[in-house]
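J.: I would like to see how this sequence folds:
(one chain, ligands or ions: 1)
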Amino acid sequence: MSKVIVIGGGAAGMMAACVAADKGHQVTLLEKNEKLGKKIYITGKGRCNVTNAADMETLFENVVSNPKFLYSAFYGFDNKQVMHFMEANGCPLKIERGERVFPVSDHASDIIAACKRALDKTGVEIHLNTSVKEVLTEACVEKPEEDQEHPQKKKQLEKITGVILADGRQIEADAVIVATGGLSYPTTGSTGDGMRWAQRLGHKVKDCSPALVPFRIREDWVKQLQGLALKNVRVVLMNGKKKLYDGFGEMLFTHFGVSGPLILSASSFYKGGECTLTIDLKPALSVEQLDKRLLRDFDENKNKSFKNALSDLFPNRLIPVMIQQSGIDPEQKVHEITREQRQNFVQKMKALPMTVTGIGNYNEAIITRGGVSTKDINPSTMESKKIAGLYFAGETVDLDALTGGFNLQIAWSTGWLAGSSIE
Ligand SMILES: Cc1cc2nc3c(=O)[nH]c(=O)nc-3n(C[C@H](O)[C@H](O)[C@H](O)COP(=O)(O)OP(=O)(O)OC[C@H]3O[C@@H](n4cnc5c(N)ncnc54)[C@H](O)[C@@H]3O)c2cc1C
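T.: Numbers count the residues shown, from 1 in each chain. The predicted model follows:
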């Protein structure tokens with residue numbers, strides 16, 4: 001039996017602690033917040049999209065950074081096992097559109113309650129309001145190097161010895177699992193501590209940036225639409241002539257730009273600089289079909305002014321913007337609209353353009369891209385290649401995915417793998 005410390009009571013840390021304790025280790029979970037799973041509470045708009053029920057191929061396809069690293073983690077503890085774990089611990093689940101899995105209750109708190117039941121059942125000692133300042137290591141000598149010329153030469157390694165808390169107390173341990181999360185939504189406790197420790201201990205840390213994050217848009221008209229949600233639209237993100245993203249779904253206008261599930265997904269493919277984002281407001285219709293539809297609408301409203309002939313086409317708040325974009329005088333009678341004006345208008349409906357000038361910050365980002373380099377972690381165990389007995393799990397590692405429950409799946413799977421790998 002080893003003495004194990006898990007740092008961080010988020011998804012990855014709670015899973016790691018349960019699994020290590022279930023294996024018979026003496027496990028202490030240290031969480032700096034006053035409660036466990038503070039970030040889980042706000043996931044999926046408070047409903048927690050706990051995983052995605054799609055097949056394994058789809059899980060890997062939705063991982064943006066280092067999918068191959070996740071082979072052992074995903075196959076060791078897959079989405080079906082996550083679902084079984086939650087249900088066995090008292091949280092029934094349901095599957096919604098896009099194979100997204102939620103608690104039947106629609107309450108993220110029920111996922112945390114299920115994890116808490118599992119922690120209690122396995123006998124994990126939980127310390128809340130306990131911030132870790134540093135992880136402690138000492139030099140150790142490991143197996144002889146295979147060095148023909150100097151057969152006696154031993155390989156010098158560091159091994160974990162415990163942690164030091166913010167209040168100065170030290171706790172000894174044989175193994176430490178760092179599950180301190182990334183940098184996004186720092187008010188939930190994710191402030192990058194694990195990455196700093198990793199770097200100090202000689203691990204590479206891949207540069208971090210906010211990901212799954214709203215876009216900032218230059219055009220002022222966007223502000224007029226603040227709060228407007230558009231369902232079933234297609235967006236295309238272009239960098240010059242290069243298409244970076246093309247997707248279909250729901251988006252939202254904000255006071256500085258655009259957000260919503262579709263935009264968050266698009267942001268995963270944004271590489272910086274100025275890009276063009278176009279919205280296809282009528283993706284089910286081709287240009288020709290839309291033109292015919294418009295002709296029909298115009299025919300039925302031929303004596304109305306242009307501004308009064310659009311209510312079947314767009315939500316009310318979008319009408320003034322579309323009029324402005326069309327360049328057509330709002331008072332112009334519909335029967336006076338030329339073919340060229342109408343066709344330009346169709347083009348705007350199929351590709352309403354705006355300029356992306358940047359992305360939101362960590363306070364707005366669902367996840368963090370970057371983190372402890374996967375090159376310095378053993379993918380079969382999540383143990384550091386630099387420090388014996390040091391393990392990493394969850395968002396603190398350079399792993400990230402698209403929306404749909406895939407990021408939590410990464411946290412559950414890597415937490416499971418770290419916890420179950422400790423001897
Ligand atoms: C608004 C929002 C919505 C989201 N919705 C979804 C969703 O529906 N589905 C999905 O799959 N993903 C979603 N995500 C992403 C997902 O929540 C994260 O990827 C996941 O929670 C990461 O888990 P983690 O355990 O690695 O890190 P975290 O959840 O960040 O947990 C890290 C924990 O470590 C603690 N900690 C940090 N430093 C210390 C220290 N020094 N000492 C002690 N404790 C420390 C923190 O307080 C925190 O509790 C969402 C994220 C956000 C912000």
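
J.: Was I right to think residue 15 contacts residue 416?
T.: Yes - look at residue 15 against residue 416 with C-beta atoms under 8 Å: they come within range, at 5.3 Å. For every residue, glycine as well, the C-beta is placed using N, CA and C.

J.: Overlap in contacts, these two.
T.: Shared contacts of residue 15 and residue 416 (C-beta atoms under 8 Å, 6 or more residues apart in numbering): residue 77.

J.: the more surrounded of those two?
T.: Using other C-beta atoms under 10 Å as the criterion, residue 15 and residue 416 rank with residue 15 on top: 31 against 25.

J.: so who does the more buried one touch?
T.: Counting by C-beta under 8 Å, 6+ apart, residue 15 touches 77, 85, 115, 393, 411-412, 415-416, 419.

J.: and with 7 Å instead?
T.: Residue 15 is in contact with 412, 415-416, 419, counting by C-beta atoms under 7 Å, 6 or more residues apart in numbering.

J.: can you check residue 228 too?
T.: Residue 228 sits next to 253, 315, 317-318 when contact means C-beta under 7 Å, 6+ apart.

J.: before we move on, back to that, among the contacts of residue 15, which ones are in helices?
T.: Filtering the contacts of residue 15 for membership in helices, criterion DSSP state H, returns 412, 415-416, 419.

J.: so what's the most centrally placed residue in the chain up against?
T.: Nearest to the mean C-alpha position of the chain, by C-alpha atoms, centre = their mean, lies residue 367 at 4.2 Å. Counting by C-beta under 7 Å, 6+ apart, residue 367 touches 182, 184, 211-212, 395, 400, 407.

J.: and if you look at residue 258?
T.: By C-beta under 7 Å, 6+ apart, residue 258 lies in contact with 214-215, 217, 222, 251-252.

J.: ok, now how distant is it from residue 209?
T.: Counting by C-beta to C-beta, to the nearest Å, the gap from residue 258 to residue 209 is 19 Å.

J.: Just grab the bridge partners of the residue nearest to the centre of the chain for me.
T.: For residue 367, the beta-bridge partners are residue 211 (DSSP bridges).

J.: quick one: secondary structure of the residue of the chain positioned farthest from its centre?
T.: Taking C-alpha atoms, centre = their mean, the residue of the chain most remote from its mean C-alpha position is residue 303, at 50.6 Å. Secondary structure state of residue 303, per DSSP: H, G, I helix; E, B strand; the rest coil, is coil.

J.: State the pair within the contacts of residue 228 that is farthest apart.
T.: By the measure C-beta to C-beta, 253 and 315 form the most distant pair in the contacts of residue 228, at 10.8 Å.

J.: These two - which one has more neighbours?
T.: residue 253 (24 against 12).

J.: dump the residue contacts of that one.
T.: Contact analysis of residue 253 by C-beta under 7 Å, 6+ apart lists 222, 225-228.

J.: Among those residues, which one sits closest to the ligand?
T.: Taking C-beta to the nearest ligand atom as the measure, the ligand lies nearest residue 227 of the contacts of residue 253, at 18.0 Å.

J.: what about the closest one, how many neighbours?
T.: The number of residues packed near residue 227 is 9, by other C-beta under 10 Å.

J.: same deal with residue 414?
T.: Neighbours of residue 414 (other C-beta under 10 Å): 34.

J.: Please apply the same query to the one 5 residues further on.
T.: When neighbours are defined as other C-beta under 10 Å, residue 419 has 32 of them.

J.: Please look at it and residue 16 and confirm they touch.
T.: Yes - between residue 419 and residue 16 there is a contact at 3.8 Å, judged by C-beta atoms under 7 Å.

J.: shared neighbours, these two?
T.: Shared contacts of residue 419 and residue 16 (C-beta under 7 Å, 6+ apart): residue 177.

J.: re the thing from before, would you format the contacts of residue 258 as a markdown table with pLDDT, distance to residue 263 and secondary structure included?
T.: Formatted as a markdown table, the contacts of residue 258 follow (pLDDT from 0 to 100; distance: C-beta to C-beta, whole Å; DSSP: H, G, I helix; E, B strand; the rest coil):
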| residue | pLDDT | distance to residue 263 | secondary structure |
| --- | --- | --- | --- |
| 214 | 97 | 6 | coil |
| 215 | 97 | 6 | strand |
| 217 | 98 | 10 | strand |
| 222 | 95 | 12 | helix |
| 251 | 97 | 5 | strand |
| 252 | 97 | 7 | strand |
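
J.: closest to the ligand among these?
T.: Closest approach to the ligand among these (C-beta to the nearest ligand atom): residue 214, at 11.6 Å.

J.: Name the nearest residue to that closest one, sequence neighbours excluded.
T.: The shortest distance from residue 214 to any non-neighbouring residue, by C-beta to C-beta, 6 or more residues apart in numbering, is to residue 259 (3.7 Å).

J.: measure that neighbour to the ligand for me?
T.: Distance from residue 259 to the ligand, counting by C-beta to the nearest ligand atom, to the nearest Å: 11 Å.

J.: That residue against residue 252, yeah?
T.: Yes - judged on C-beta under 7 Å, residue 259 makes contact with residue 252 at a distance of 4.9 Å.
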